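A.B. asks: need coordinates for the below:
(chains A and B)
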Amino acid sequence: MTGTEERLRMTGIVKRFPGTVALDGVELSVRPGEVHCLLGENGAGKSTLMKILAGSYQPEEGTILLDGQPFRPATPHAGQAAGIAVIYQELDLLPDLTVAQNLLLGRAPRLGPFVRRGQRARLAREALDRVGASFPVTTRVGELPIAAQQLTAIAKALTADARVIVMDEPSATLGESELLAVFEVIRSLTAEGRSVIFISHRMDEVMEIGDRATVLRDGRTAGVYDLASTGPDEIVAAMIGEASELVGATDRPAPGGEPLLRVERVHVPGLLDVRDLEVRPGEVVGLAGLGGAGRTTLLRALFGDLKAQVTARLDGRPLKVAGPAAAVRAGLALVPESRKEQGLMLGLSVSRNAAIGALGRPPWLLPGRLGRRLARPALADLGVKTAGLDQLVGQLSGGNQQKIVLAKWITRGGIKVLLLDEPTRGLDVGAKADLYRQVRHLADQGVAVLLASSELNELTANADHIQVLYEGRNVARFDPRTSPESVIAHTVITGATA
Amino acid sequence: MTTSLGSTVASTTGKERGGRSRRGADLIVKSNLLLVFLALCVVASLLAPQFLTGRNIANLLQQSSLTGIVAIGMTMVVLTAGIDLSVGSVAAFGGMTVALLMAPGMPVLPAILLSLAIGAAFGAVMGGLSAYLSLPSFMTTLAGLTAIRGLTYLLTDGKPAQAGESEVFQLLGGGFVGYVPIVGIIFVVVTLLAAGVLRGTTFGEYVYAVGSNKEAARLSGLPVRGVITTVFAVSGGLAALAGVLLTSRLTVGQPTAFSGLELDAIAAVVLGGTNLFGGRGGVFGTFVAVLLLSVLRNLCNLLGLGSFFQMVVTGLILLVALVLNMLIERRGARA
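C.D. replies: Numbering: from 1, shown residues only, chains lettered A, B, ... in the order given. This next block holds a predicted model:
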């Protein structure tokens, strides 16, 4: 546990994918008992590097030393056996099995061919206790809230005796109190001499939990920083390279004019009862609220994706949406919460994804040619980085994928109201700013935008006004120019206006 | 348009004709099934000199075309991540209805069109149930397989039905243009039409989108349910067409015909490189696979190998092809 020796050293790692070089000589060095933050914009190569460490990918060049020994895991199994535990952003849990079954999957205590259920439950309980989780081990994972699933995934990584634990954005789905619990776990792990590689986009978390940080940029190591003596600004600057516009305050006057979307009431019994919400052309209305406050439900109801009583007028006419197809015809566009499951066809090409919504017009022929013609300018405007129109969307970084979801609506044209549900989830600082720039650009063309986000600072920076949802109702309306973030946050948490 | 015969890798990239990089290498990977097919033909003609005679080739086309027509419809269903187990029963029903309609004197064309419409309606009902009630198409078409076969027997209490004496009708299923059987021409035309629809129309683009990610397609405002219902209707209509053609060749409708057809069709679809989970593949792969399986069977016949042996060989070939496709795809993903 002497701080000078190295737990892990990755040197000169090179990994190429068709059309791109994902990693171009990356260096990473992690000490025992250290929380080492791995930072970088989307597409910088963090996930690829971690997949190489875990054994999911094979690097073309480079060496890895684990506790001084050469290490080259050929499979994820070999990585695990050597003590590398990775908790991925997309949780690799089996939703139909119980917590105990998941925690000891493939390692269940046995007596001959039989599983010793009692012992398995006890071991699972111990693992859950270590991460401070109190839910029963007999619960099916799919029935747990997402934060509890995250804790289960961490507990699972701990049931293997891990030397290096990689956490890929554990905070993306966690609330404040759960995050504190996870930090506790991380501290107890490092106290035992284990190393934690922590990937996050939130600088405050990084500053709080991290000892050192390695910043990746464009597949190279841009710098290694001692977090005790480095400020967040310096690190953010290293992440984005040359200065680019950060998420900044809205510096334009609130748009006037008649509301484009006038919601009298949206009612989903037992879940949602939102009244009197208006969005003007060019206006960005933010929806703030805790998880489960009804932001997603409201957007889905407006888009006709769930049964709801909607009394609303769009452009002066009553809005009737029988389903998503009708909503799209009426001029609504949704950027859904989960871009991989709901937004994109990952196995199809960039141009096919970008143009899929725009093809439903006479003469209904030659969709490939039409799609390319429509996609090319839209993708160029949005600044999407791809190896070409034929690249599969699944190979793009998160920020570029989200832009393709936007492109889908831009190519279609005729959008009046844009509904955004957590559009920046999992995106880094630069990609976030870029995405909001595109959203504001659409708003400037007269589109009314409803923006749901759990990142209050993004709402205050980008919304013209903010509606706070609390337990399914819109309880307050704030102007971010005059209301401090702390006041809005108070209402978000308590439902009461100070 | 010949770039995407074969493997799954093929069809994902093959549809975009602009992929310029590594084109030559891609071509070989893409057309691996075609190469196997050609190799098999060479082997066949060396082993059995009768193989390359016009008569044998004509025979071969005649035998494979009916399965082929059904496999084309199946390909469209599988591209949407569905499956149609009812094609054998629908084909038998179509063959019976056309005979029963023509026996009392209905003219050929209306009788055929009515039979196809009934087949399409069967497909639309099963596909619609699957699409609108979110039932697995495996189950709705399994129910259809049993029920429609039962209906077919009920039509004549299980007896064959005479199709009347129309020569035009008999020509359709049994006639030749030179050495080329008319059913073979129909098979080719159906394949080309299906390829045109899949590659050249918005509907085709929707088929791939629905198969690739149904949820994303729905939230993009696509008529997902309509697309699914339609592909099943197409599959049902094409199955009925196969039934009509068989009745035409035999001049009687056989209620017992086409049992197990669904498995032959699915085998050809999968061998042709269409992904069973939807979104990837195409009809040209299926076309070549149908011919390949048929040549294999033909070769066994020419060599005097019994049908038991043929079944074993066909199964093994299917297995080998799947493993090869998987390996090529994996290499493609890593390259």
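
A.B. asks: what's the helix or strand for the residue in the stretch 301-450 of chain A positioned nearest to chain B?
C.D. replies: The stretch 301-450 of chain A approaches chain B most closely through residue A:328 (3.0 Å), counting by CB to the nearest CB. C-betas here are computed from N, CA, C, even on glycine. Using DSSP states H and E, residue A:328 falls within helix A:324-330.

A.B. asks: show me what counts as buried in that helix.
C.D. replies: A:324-325, A:327-328, A:330 (16 or more other CB atoms under 10 Å in any protein chain shown).

A.B. asks: same question for stretch A:201-212.
C.D. replies: So for stretch A:201-212, counting by 16+ other CB under 10 Å, buried means A:201, A:203, A:205-207, A:209-212.

A.B. asks: check stretch A:277-293 too.
C.D. replies: For stretch A:277-293, the neighbour count (16+ other CB under 10 Å) marks A:277-290, A:293 as buried.

A.B. asks: any idea which of the residues you listed is closest to chain B?
C.D. replies: Checking the buried residues of stretch A:277-293 against chain B by CB to the nearest CB gives residue A:287 as the nearest, at 18.2 Å.

A.B. asks: now name the helix or strand holding the closest one.
C.D. replies: Using DSSP H and E, residue A:287 falls within strand A:284-288.

A.B. asks: what's the following helix or strand after that strand?
C.D. replies: helix A:295-302.

A.B. asks: the helix or strand just after that following helix near chain B at all?
C.D. replies: Per DSSP H and E, the first helix or strand lying C-terminal to helix A:295-302 is strand A:309-314. No. Contact of strand A:309-314 with chain B (CB under 8 Å from any CB of the partner chain) is absent, the minimum separation being 15.3 Å.

A.B. asks: parallel or antiparallel, which strands does strand A:309-314 pair with?
C.D. replies: Sheet pairing of strand A:309-314 (DSSP bridges) gives strand A:261-268 (antiparallel), strand A:317-318 (antiparallel).

A.B. asks: okay, the angle between that strand and helix A:295-302?
C.D. replies: 70 degrees (axes from the mean of the first three to the mean of the last three CA atoms, to 10 degrees).

A.B. asks: picking up where we left off before, pick out the most distant pair among the buried residues of stretch A:277-293.
C.D. replies: Using CB to CB, these span at most 29.7 Å, a distance reached by A:281 and A:290.

A.B. asks: what's the spacing between the closest residue to residue B:36 other than its chain neighbours and chain A?
C.D. replies: Using CB to CB, 6 or more residues apart in numbering or on different chains and skipping residues adjacent in sequence, the residue nearest residue B:36 is residue B:292, 6.8 Å away. According to CB to the nearest CB, to the nearest Å, residue B:292 stands 26 Å off from chain A.

A.B. asks: swap in residue B:326?
C.D. replies: Distance, residue B:326 to chain A, using CB to the nearest CB: 16 Å.

A.B. asks: centroid-nearest residue for chain B?
C.D. replies: residue B:71 (1.0 Å; CA atoms, centre = their mean).

A.B. asks: which SS state does residue A:275 fall under?
C.D. replies: When classified by DSSP: H, G, I helix; E, B strand; the rest coil, residue A:275 comes out as strand.

A.B. asks: which residues are in contact with the residue lying closest to it once chain neighbours are set aside?
C.D. replies: Spatial nearest neighbour of residue A:275, chain neighbours left out: residue A:265 (5.0 Å); criterion: CB to CB, 6+ apart. Neighbouring residues of residue A:265 by CB atoms under 8 Å, 6 or more residues apart in numbering or on different chains: A:273-276, A:309-311.

A.B. asks: any idea which element residue B:320 lies in?
C.D. replies: Short version, using DSSP H and E: residue B:320 is in helix B:307-334.

A.B. asks: does anything pack onto that helix? Which helices or strands?
C.D. replies: Packing partners of helix B:307-334 (3 or more CB pairs under 8 Å, 6 or more residues apart in numbering or on different chains; DSSP states H and E): helix B:8-14, helix B:32-47, helix B:261-271, helix B:283-302.

A.B. asks: pLDDT (mean, whole number) over the first one?
C.D. replies: Spelled out, that is helix B:8-14. Regarding helix B:8-14, the rounded mean pLDDT is 36.

A.B. asks: stretch B:121-131 now?
C.D. replies: Rounded mean pLDDT across stretch B:121-131 is 97.

A.B. asks: for residue A:415, helix, strand, or coil?
C.D. replies: Residue A:415 - assigned by three-state DSSP - is coil.

A.B. asks: using the three-state scheme, assign the spatially most central residue of chain A.
C.D. replies: The residue lying closest to the centre of chain A (CA atoms, centre = their mean) is residue A:426, at 2.5 Å. Assigned by three-state DSSP, the conformation of residue A:426 is coil.

A.B. asks: can you list the residues of the stretch 201-335 of chain B near chain A?
C.D. replies: Near chain A, when you scan the stretch 201-335 of chain B using CB under 8 Å from any CB, you find B:201-206, B:208-209, B:212-213, B:215-223, B:279-280, B:335.

A.B. asks: kind regards, and thank you for your time.
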